[in-house]
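[1] A structural model of the following input is requested.
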Amino acid sequence: MSEYTAEFSAEEQALIDKEFSRLADSTYLDHAGTTLYAESQVAAAARQLQRDVICNPHTCRATGDYVDQVRYKILEFFNTNADDYHVVFTANASAALRLVAEHFEFLDEGNFHYSQENHTSVLGMRELVKASGIYMLTQEEIQLNDIDMNSHSSKTANGTAVSTSSQGNSLITFSAQCNFSGYKLPLTVIEKMHEHGLQQPGKCVWSKETKQGENFAYNKNNNNNYYVCLDAASFAASSPLDLKRYRPDYVCISFYKIFGYPTGVGALLVSRRGAEVLRKRFYGGGTINYVYPHTMDHQLRDLFHQRFEDGTLPFLSIVELLEGFRTMARLVPGRSMERISRHVHGLARYCEQQLLQLKHSNGAPLVTLYNTAGYEDRSKQGGVVAFNLLTDSGGYVGFGEVACVAALHRILLRTGCFCNIGACQRYLKLCDDTMDAIYKRAGRICGDYYDLLDGQPTGAVRVSFGYMTRIEDIERLLQMLRASYLNVKPQQRLRFIEDQAEQLPQALQQRAQRLRPRLLQLAIYPVKSCAAFKITKHAGTSWPLTNQGLQYDREWMIVDMNGMALTQKRCTDLCLLQPVIVDDQLQLHFNGKDTSSFVCVPLSLSAQAENSARCRSKVCRQPIEGYDCGDDVAIWLSQQLGMEGLRLLRQSAQRSAAGAQQQQLSLVNQAQFLLVNRTSVRSLNFEEPLDETVDRFRANIIMETDVPFEELSYTRLRIGDVQFQVDGPCQRCDMICINQRTGERSPETLTTIARMQSGKMRFGIYVSRLQEETTDKQQKQLHLSCGDAIEIS
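    Numbering: from 1, shown residues only. Purely as a prediction, here's the structure:
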């Protein structure tokens, strides 16, 4: 393992540190978002604005001269000249991409190809390009072109060619450096693409023949010319881009990523070859020699950049770029970008090595990293480290929680997908259905803190480095991770965040409110051993509590002709008997043969008592008293379940649990409530939808934590305003082998739990409500609501 070697001398580092003293005790680690401006840079820019008269270049020739100086400086910065490239000023790299999309001439058969790992702005180009087909290229499909070929050959093995008799112009767009992972694609592919086209076209997502991406055969003999648009916004911020060596047709740049200041100015660099296929459609002020209002006559400017720079340029911002170039050359003398590239890569490599050494007490890793080629080769990896945190059991920690912890430690980093959903999809291995679950069904939007879906991450944590980043900044990040995730228990960390939540930005305050486990779902089982009536997850949905548990939970049960309770152990079809509470009635439906048939009984105990015979039965060997619910429901049950002599019994008298607490019980086996942790269920890895596995355990309270089986260590908990005590783990029987939606048995359920629990059949915990102390609270009916925070002790 190599150690970090400083790129800058002590004197150079001291000069850089002086420029960023405003950071004080803050640590800035989001240089991929924007680098920071130097204090002397903005001070010099301010002096220039105070000293000089800089006005509209259409009026002031001196301003035009300044702007031309910046053009020449940009070309020099990228090791090219005005003979090879034009510089068109834009608002940013996104605006440069849009300009290409709007004006690129595809002709009849030209296609648009883009990399999966691209900024959102590249995906937006799809809405503007006038291409025959639109294709998504994976990283591997792009790299297929980086092979030795006969540069004099006009065709590749698959027939794709560059021809003077072209029927179309195809455009390939990719990022020189992935802003999610920092991976650098080999720029040698540019020349190969120019000469030989693409080895593989990628996945068709749209074609003009089908208006979609299905059932469309790619024409490998299209004889198209191929042009390359390079999104260099992330790459150029900390790596030298040599346009003498690599010659993309279009290069998109945002200068704030390089200099930190000014914002609102970027550039599109256009090669002479690329300029030939950009056809200007719209024209604005300053782009024409003349235009008539009374006819369609007009004439565009002669110079290329003048034709594409609509309206007045952001001339003040452009002029201030000169100070950005000067400041970089002064603070990082020599080959500035080469040195910056070595510096940030060395920091990233050190950070990666240190992160991999972070282990939980059981030896499990704290961090999982997302990259393609590792951190040894600077030509393949930039100054970016993307990762997620893991619990000691291998579960994921939500990036929103990490963002809260970092903010409270005054560490500025980035979380989410970083406007690169394709990279997120690739590195997090999100299938198409999961993407729909995140964005369409769960309603996540870009930039929010919806960080976990069924325990799997929807984004990551990213730290990225600039020339002003110090090794001490990385050490501070590592110290935060050790202190917050290796040396404290989760409950202590949550309390730390909650106690200081008002110091967080508004968006993170909302995330902090959701850090504690939440009540995901409530379920009552009105008829013992039958299907659940679920209280949905919609905000504000609640259910009342009684002295014996959730209202109406297991207040009825089916008995056979001998008066013995009927359970799924004897009749698995009971799981198909679906209770529904409607107004003042309990409806029973059968999800088997005849779904249109149902029967009703009153919810009111007093209404049931009228003209009902009393009867007796037993639950777990304990006598219980009840009301017989009548012949109509009895006949219906017997018909649906195919068993003679069945009756429905409603509990009529109080029943108490054994022990000192004497908790009042409904017709449950042991305790008032059964709680199950969805994370524990997920750890079983059954080959069925997670919700179906959760249903097997027939819990009343369903929650989700970061760590599976942590509920087995609970002694007390508060859900909303209600206090509970833990009565112990639930010892499981073979009823959990029954799929509650089909009635089918799968014996491996019980054996899986036994294997994970060292032979014990424990899953879920029994809890009972603690009686409130004050008279006022005793008189108030309490409720549990989906979304209630759960506090553990």
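
[2] show me which residues of stretch 604-621 are buried.
    Going by neighbour count (16 or more other C-beta atoms under 10 Å), the buried part of stretch 604-621 is Gln608, Ser612, Cys615, Ser617, Val619. Placement of C-beta: from N, CA and C, glycine included.

[3] one more: stretch 754-765?
    For stretch 754-765, a neighbour-count test (16+ other C-beta under 10 Å) marks Met756, Met761, Arg762, Phe763, Gly764, Ile765 as buried.

[4] now swap in stretch 259-273 and tell me
    For stretch 259-273, the neighbour count (16+ other C-beta under 10 Å) marks Phe259, Gly260, Tyr261, Pro262, Thr263, Val265, Gly266, Ala267, Leu268, Leu269, Val270, Ser271 as buried.

[5] gap between the two ends of that stretch?
    Length of stretch 259-273, first residue to last, C-alpha to C-alpha, to the nearest Å: 29 Å.

[6] avg pLDDT for it?
    Summarised as a single mean, pLDDT over stretch 259-273 is 97.

[7] please enumerate the strands of the stretch 651-793 of the chain.
    655-656, 664-665, 673-677, 701-703, 716-719, 722-731, 762-769, 783-785, 790-792 (DSSP state E, counting those that start in this stretch).

[8] name the element Ile172 belongs to?
    strand 169-175 (DSSP states H and E).

[9] just checking, what packs against the helix or strand that that strand is followed by?
    Downstream of strand 169-175, the next assigned helix or strand under DSSP H and E is helix 189-196. The contact analysis (3 or more C-beta pairs under 8 Å, 6 or more residues apart in numbering; DSSP states H and E) places helix 189-196 against strand 225-231.

[10] report the angle between the strand it packs on and helix 189-196.
    For strand 225-231 against helix 189-196, the angle by axes from the mean of the first three to the mean of the last three C-alpha atoms, to 10 degrees is 170 degrees.

[11] adjacent strands (with direction) for strand 225-231?
    Next to strand 225-231 in the sheet, as set by DSSP bridges, lie strand 169-175 (parallel), strand 250-254 (parallel).

[12] so which of those strands is nearest Glu352?
    Minimum separation from Glu352 across the strands paired with strand 225-231 (C-beta to C-beta) falls at strand 169-175, 20.6 Å.

[13] residues touching the closest one, excluding its own?
    Applying C-beta atoms under 8 Å, 6 or more residues apart in numbering, the external contacts of strand 169-175 come out as 97, 100, 104-107, 110-115, 117-119, 122, 125, 129, 131, 137, 142, 185, 193, 197-198, 222, 224-235, 277.

[14] show the buried residues in the residues you listed.
    Neighbour counting by 16+ other C-beta under 10 Å classes 97, 100, 104, 106-107, 110-115, 117-119, 122, 125, 129, 131, 137, 142, 185, 193, 197-198, 222, 224-235, 277 among the contacts of strand 169-175 as buried.

[15] average pLDDT across the strand holding Ile172?
    The average pLDDT for strand 169-175 rounds to 98.

[16] low pLDDT regions in the protein?
    Low-confidence segments of the chain, defined by pLDDT under 70, are located at 1-2, 148-166, 211-222, 537-540, 592-595, 658-662, 772-779.

[17] returning to what we had before: how about TSV for the buried residues of stretch 754-765, with distance to Arg470 added?
    Listed next are those as TSV, based on distance: C-beta to C-beta, whole Å:
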residue	distance to Arg470
Met756	46
Met761	55
Arg762	50
Phe763	50
Gly764	50
Ile765	48
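
[18] name the SS class of the spatially closest residue to Thr327 that is not a sequence neighbour, please.
    Leaving aside its sequence neighbours, Thr327 sits nearest to Gln41 (C-beta to C-beta, 6 or more residues apart in numbering; 4.1 Å). Put simply, Gln41 is helix when judged by DSSP: H, G, I helix; E, B strand; the rest coil.

[19] what does Gly264 give?
    Gly264 ends up coil, using three-state DSSP.

[20] which residues touch it?
    Taking C-beta under 8 Å, 6+ apart, we find Gly264 in contact with Ala91, Asn92, Tyr256, Pro314, Ser317.

[21] returning to what we had before: which of the strands of the stretch 651-793 of the chain sits most buried?
    Most buried of the strands of the stretch 651-793 of the chain, by mean neighbour count (mean count of other C-beta atoms under 10 Å): strand 673-677, with a mean of 25.

[22] so which elements touch that one?
    The helices and strands touching strand 673-677, judged by 3+ C-beta pairs under 8 Å, 6+ apart, are strand 701-703, strand 762-769.

[23] format those strands as JSON lines; extra columns: distance to Phe686.
    Formatted as JSON lines, the helices and strands packed on strand 673-677 follow (distance: least, C-beta to C-beta, whole Å):
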{"stretch": "strand 701-703", "distance to Phe686": "16"}
{"stretch": "strand 762-769", "distance to Phe686": "12"}
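
[24] of all those strands, which one is nearest Gln456?
    Once these are compared by C-beta to C-beta, strand 701-703 is nearest, at 17.5 Å.

[25] hang on, the earlier thing: what's the closest of the buried residues of stretch 754-765 to Leu649?
    The nearest member of the buried residues of stretch 754-765 to Leu649, counting by C-beta to C-beta, is Gly764 at 26.2 Å.

[26] okay but the closest one is in contact with Tyr714, surely?
    No: in this structure, Gly764 is not within contact of Tyr714 by C-beta atoms under 8 Å, at 11.2 Å.

[27] now do the shared contacts for these two.
    Common neighbours of Gly764 and Tyr714 (C-beta under 8 Å, 6+ apart) do not exist.

[28] what residue in this structure is the furthest from its centre?
    Asn611 (58.9 Å; C-alpha atoms, centre = their mean).

[29] can you tell me the SS state at it?
    Under three-state DSSP, the three-state class of Asn611 is coil.

[30] got the end-to-end distance for stretch 242-261?
    23 Å.

[31] any idea which element Leu321 lies in?
    Element membership for Leu321 (DSSP H and E) is helix 315-331.

[32] which elements pack onto that helix?
    Using 3+ C-beta pairs under 8 Å, 6+ apart, the elements in contact with helix 315-331 are helix 10-19, helix 39-51, helix 61-77, helix 256-259.

[33] redo these as a markdown table? Include distance to Phe399.
    As requested, the helices and strands packed on helix 315-331 are arranged in a markdown table below (distance: least, C-beta to C-beta, whole Å):
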| stretch | distance to Phe399 |
| --- | --- |
| helix 10-19 | 30 |
| helix 39-51 | 32 |
| helix 61-77 | 35 |
| helix 256-259 | 22 |
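
[34] looking at the ones you listed, which is closest to Leu389?
    That would be, of the helices and strands packed on helix 315-331 and by C-beta to C-beta, helix 256-259, which comes in at 26.9 Å.

[35] residue nearest the centroid of this structure?
    Centre-nearest of the chain using C-alpha atoms, centre = their mean is Thr458, 2.5 Å out.

[36] quick revisit: check which residues of the helix holding Leu321 are buried.
    Applying 16+ other C-beta under 10 Å to helix 315-331 flags 315-325, 327-328, 331 as buried.

[37] how far off centre is it?
    For helix 315-331, the separation from the chain centroid amounts to 36 Å (computed by C-alpha atoms, centre = their mean, to the nearest Å).

[38] and the direction of the helix or strand just after that helix versus that of helix 315-331, what angle?
    Sequence-wise, the next helix or strand downstream of helix 315-331 (DSSP H and E) is helix 336-356. Here helix 336-356 runs at an angle of 70 degrees relative to helix 315-331 (the same axes, to 10 degrees).

[39] who does helix 336-356 touch, helix- and strand-wise?
    Where contact means 3+ C-beta pairs under 8 Å, 6+ apart, helix 336-356 is packed against strand 367-369, strand 384-390, helix 471-481.

[40] of the ones you listed, which is nearest Phe180?
    Across the helices and strands packed on helix 336-356, closest to Phe180 is strand 384-390 (C-beta to C-beta), at 5.8 Å.

[41] export that closest one as CSV, just CAs?
    C-alpha atoms of strand 384-390 as CSV (Å, rounded to 0.1, in the frame of the first residue of the first chain):
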residue,chain,number,x,y,z
VAL,A,384,-13.4,11.5,-6.8
VAL,A,385,-14.3,8.8,-4.2
ALA,A,386,-17.9,7.5,-4.2
PHE,A,387,-19.1,5.1,-1.4
ASN,A,388,-21.8,4.1,1.0
LEU,A,389,-21.5,3.1,4.6
LEU,A,390,-22.4,-0.4,5.9
